[in-house]
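Student: pasting a predicted model and its sequence here:
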Amino acid sequence: MKIGEVARRVGVSISALRMYEQRGLIEAVCTQGGTRHYDEENLERFRAIVTLTRADISIDALARLARIRLENATGNSASRQVEAALTEMEAEVQARLKLLESTYADLRLAKQRLAGCHGCRKKPTRLNCNGCAVADGLQECKVMRIVWDETDDV
(Lines give C-alpha, C1' and ligand atoms only; values in the text may rest on other atoms or scores of the structure.)
Protein backbone atom coordinates (compact mmCIF):
# COMPACT_ATOMS: atom_id res chain seq x y z
CA MET A 1 0.00 0.00 0.00
CA LYS A 2 1.07 3.57 -0.59
CA ILE A 3 2.09 6.01 2.13
CA GLY A 4 -1.21 7.92 1.98
CA GLU A 5 -3.17 4.76 2.70
CA VAL A 6 -0.87 3.88 5.59
CA ALA A 7 -1.21 7.40 7.01
CA ARG A 8 -4.99 7.15 6.81
CA ARG A 9 -5.10 3.72 8.44
CA VAL A 10 -2.65 4.63 11.20
CA GLY A 11 -4.14 8.08 11.83
CA VAL A 12 -1.09 10.28 11.35
CA SER A 13 0.19 12.59 8.65
CA ILE A 14 2.31 11.47 5.72
CA SER A 15 5.09 13.74 6.98
CA ALA A 16 5.08 11.88 10.32
CA LEU A 17 5.49 8.57 8.52
CA ARG A 18 8.33 9.98 6.44
CA MET A 19 10.01 11.26 9.60
CA TYR A 20 9.78 7.79 11.18
CA GLU A 21 11.40 6.41 8.05
CA GLN A 22 14.15 9.05 8.09
CA ARG A 23 14.88 8.23 11.73
CA GLY A 24 15.43 4.58 10.82
CA LEU A 25 12.30 3.20 12.45
CA ILE A 26 10.97 1.65 9.26
CA GLU A 27 12.13 0.97 5.75
CA ALA A 28 9.89 1.16 2.73
CA VAL A 29 10.28 -0.59 -0.58
CA CYS A 30 10.48 2.08 -3.28
CA THR A 31 9.63 1.74 -6.94
CA GLN A 32 11.95 3.11 -9.62
CA GLY A 33 9.78 6.22 -9.63
CA GLY A 34 10.33 6.69 -5.89
CA THR A 35 6.86 5.65 -4.73
CA ARG A 36 6.97 4.06 -1.30
CA HIS A 37 5.14 0.79 -0.76
CA TYR A 38 4.37 -0.77 2.58
CA ASP A 39 3.06 -4.19 3.53
CA GLU A 40 0.93 -5.31 6.49
CA GLU A 41 4.01 -5.85 8.64
CA ASN A 42 5.06 -2.23 8.01
CA LEU A 43 1.56 -1.11 8.89
CA GLU A 44 1.71 -2.90 12.24
CA ARG A 45 5.16 -1.44 12.91
CA PHE A 46 3.80 2.05 12.18
CA ARG A 47 0.90 1.39 14.54
CA ALA A 48 3.36 0.37 17.26
CA ILE A 49 5.45 3.50 16.68
CA VAL A 50 2.40 5.75 16.81
CA THR A 51 1.09 4.09 19.97
CA LEU A 52 4.44 4.43 21.70
CA THR A 53 4.95 8.05 20.66
CA ARG A 54 1.43 8.91 21.83
CA ALA A 55 2.43 7.40 25.17
CA ASP A 56 5.27 9.95 25.16
CA ILE A 57 8.08 7.56 24.30
CA SER A 58 10.57 9.68 22.39
CA ILE A 59 11.46 9.08 18.76
CA ASP A 60 15.12 9.08 19.84
CA ALA A 61 14.47 6.22 22.28
CA LEU A 62 12.61 4.26 19.61
CA ALA A 63 15.35 4.90 17.05
CA ARG A 64 17.99 3.64 19.50
CA LEU A 65 15.86 0.57 20.16
CA ALA A 66 15.45 -0.07 16.43
CA ARG A 67 19.23 -0.01 15.86
CA ILE A 68 20.20 -2.43 18.62
CA ARG A 69 19.64 -5.66 16.73
CA LEU A 70 21.60 -4.41 13.73
CA GLU A 71 24.50 -3.22 15.87
CA ASN A 72 25.01 -6.51 17.71
CA ALA A 73 26.64 -9.73 16.58
CA THR A 74 24.82 -12.01 19.00
CA GLY A 75 21.36 -12.43 20.40
CA ASN A 76 22.86 -12.34 23.87
CA SER A 77 24.33 -8.87 23.52
CA ALA A 78 21.32 -7.55 21.59
CA SER A 79 18.81 -8.90 24.08
CA ARG A 80 20.73 -7.42 26.99
CA GLN A 81 20.85 -4.00 25.33
CA VAL A 82 17.15 -4.19 24.45
CA GLU A 83 16.38 -5.14 28.04
CA ALA A 84 18.38 -2.17 29.35
CA ALA A 85 16.59 0.18 26.95
CA LEU A 86 13.20 -1.23 27.96
CA THR A 87 14.06 -0.84 31.64
CA GLU A 88 14.91 2.82 31.03
CA MET A 89 11.66 3.36 29.12
CA GLU A 90 9.71 1.58 31.84
CA ALA A 91 11.13 3.91 34.50
CA GLU A 92 10.21 6.97 32.43
CA VAL A 93 6.67 5.69 31.88
CA GLN A 94 6.30 4.88 35.59
CA ALA A 95 7.31 8.45 36.49
CA ARG A 96 4.76 9.84 34.02
CA LEU A 97 2.11 7.49 35.40
CA LYS A 98 2.69 8.80 38.91
CA LEU A 99 2.33 12.36 37.66
CA LEU A 100 -0.82 11.49 35.72
CA GLU A 101 -2.32 9.68 38.72
CA SER A 102 -1.62 12.68 40.93
CA THR A 103 -3.12 15.06 38.37
CA TYR A 104 -6.17 12.84 37.96
CA ALA A 105 -6.74 12.76 41.72
CA ASP A 106 -6.39 16.55 41.86
CA LEU A 107 -8.96 16.99 39.07
CA ARG A 108 -11.42 14.63 40.74
CA LEU A 109 -11.07 16.37 44.09
CA ALA A 110 -11.52 19.79 42.48
CA LYS A 111 -14.70 18.62 40.75
CA GLN A 112 -16.07 17.20 44.01
CA ARG A 113 -15.35 20.37 45.93
CA LEU A 114 -16.52 22.65 43.13
CA ALA A 115 -20.00 21.15 43.36
CA GLY A 116 -20.33 23.14 46.62
CA CYS A 117 -20.28 26.33 44.54
CA HIS A 118 -23.30 25.33 42.46
CA GLY A 119 -26.07 27.78 43.21
CA CYS A 120 -23.78 30.44 44.70
CA ARG A 121 -24.82 33.92 43.60
CA LYS A 122 -21.58 35.75 44.53
CA LYS A 123 -19.03 36.78 41.92
CA PRO A 124 -16.28 34.15 42.21
CA THR A 125 -13.33 36.18 43.44
CA ARG A 126 -11.03 35.57 46.38
CA LEU A 127 -12.44 38.66 48.10
CA ASN A 128 -16.06 37.54 47.74
CA CYS A 129 -15.26 33.94 48.63
CA ASN A 130 -13.00 34.78 51.57
CA GLY A 131 -13.94 32.59 54.53
CA CYS A 132 -16.04 30.18 52.45
CA ALA A 133 -15.17 26.60 53.38
CA VAL A 134 -15.76 25.46 49.80
CA ALA A 135 -13.40 28.11 48.38
CA ASP A 136 -10.79 27.29 51.01
CA GLY A 137 -10.98 23.61 50.03
CA LEU A 138 -10.73 24.44 46.34
CA GLN A 139 -7.49 26.32 46.92
CA GLU A 140 -5.92 23.04 48.02
CA CYS A 141 -6.37 21.71 44.46
CA LYS A 142 -3.54 22.51 42.05
CA VAL A 143 -5.86 22.91 39.08
CA MET A 144 -7.91 25.50 40.95
CA ARG A 145 -4.79 27.66 41.22
CA ILE A 146 -5.44 28.34 37.55
CA VAL A 147 -9.05 29.38 38.24
CA TRP A 148 -8.39 31.46 41.34
CA ASP A 149 -6.41 34.36 39.93
CA GLU A 150 -5.53 36.83 42.66
CA THR A 151 -5.74 39.72 40.22
CA ASP A 152 -9.55 39.30 40.09
CA ASP A 153 -9.82 41.08 43.44
CA VAL A 154 -8.00 44.24 42.39
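Tutor: Perfect, I can see it now.
Student: okay, CA-based contacts and neighbour counts for the rest of this
Tutor: Fine.
Student: give me the neighbour count for the closest residue to Glu27 other than its chain neighbours.
Tutor: Leaving aside its sequence neighbours, Glu27 sits nearest to Glu21 (C-alpha to C-alpha, 6 or more residues apart in numbering; 6.0 Å). Glu21 sits with 15 neighbouring residues when counted by other C-alpha atoms under 10 Å.
Student: same check on the one 10 residues further on?
Tutor: Burial of Thr31, expressed as a neighbour count using other C-alpha under 10 Å, amounts to 9.
Student: what pLDDT is listed against it?
Tutor: Thr31 is assigned 83 on the pLDDT scale.
Student: repeat for Ile57
Tutor: Listed pLDDT for Ile57 reads 95.
Student: in a helix, it, correct?
Tutor: No - using DSSP: H, G, I helix; E, B strand; the rest coil, the assignment for Ile57 is coil, not a helix.
Student: tell me who's in contact with it.
Tutor: Residues in contact with Ile57 (C-alpha atoms under 8 Å, 6 or more residues apart in numbering) are Met89, Val93.
Student: over to it: give its phi and psi.
Tutor: phi -80, psi 130 (degrees, to the nearest 10).
Student: now it: how far from Arg145?
Tutor: 29 Å (C-alpha to C-alpha, to the nearest Å).
Student: Val93 too?
Tutor: 26 Å.
Student: same thing with Ala73?
Tutor: Plainly put, Ala73 is 55 Å away from Arg145 if you go by C-alpha to C-alpha.
Student: also Glu71?
Tutor: 50 Å.
Student: with Glu88 instead?
Tutor: 33 Å.
Student: model confidence over stretch 83-103, on average?
Tutor: Stretch 83-103 comes out at a mean pLDDT of 96.
Student: other residues contacting it?
Tutor: Counting by C-alpha under 8 Å, 6+ apart, Ile57, Ala61, Leu65 sit against stretch 83-103.
Student: what residues of the longest helix belonging to the chain count as buried?
Tutor: What stands out as the longest helix in the chain, according to DSSP state H, is helix 75-114. Buried residues in helix 75-114, counting neighbours by 16 or more other C-alpha atoms under 10 Å, are found at Ala78, Gln81, Val82, Ala85, Met89, Asp106, Leu107, Leu109, Ala110, Arg113.
Student: which residues touch the second one?
Tutor: Pointing back at Gln81 there. Gln81 neighbours (C-alpha under 8 Å, 6+ apart): Ile68.
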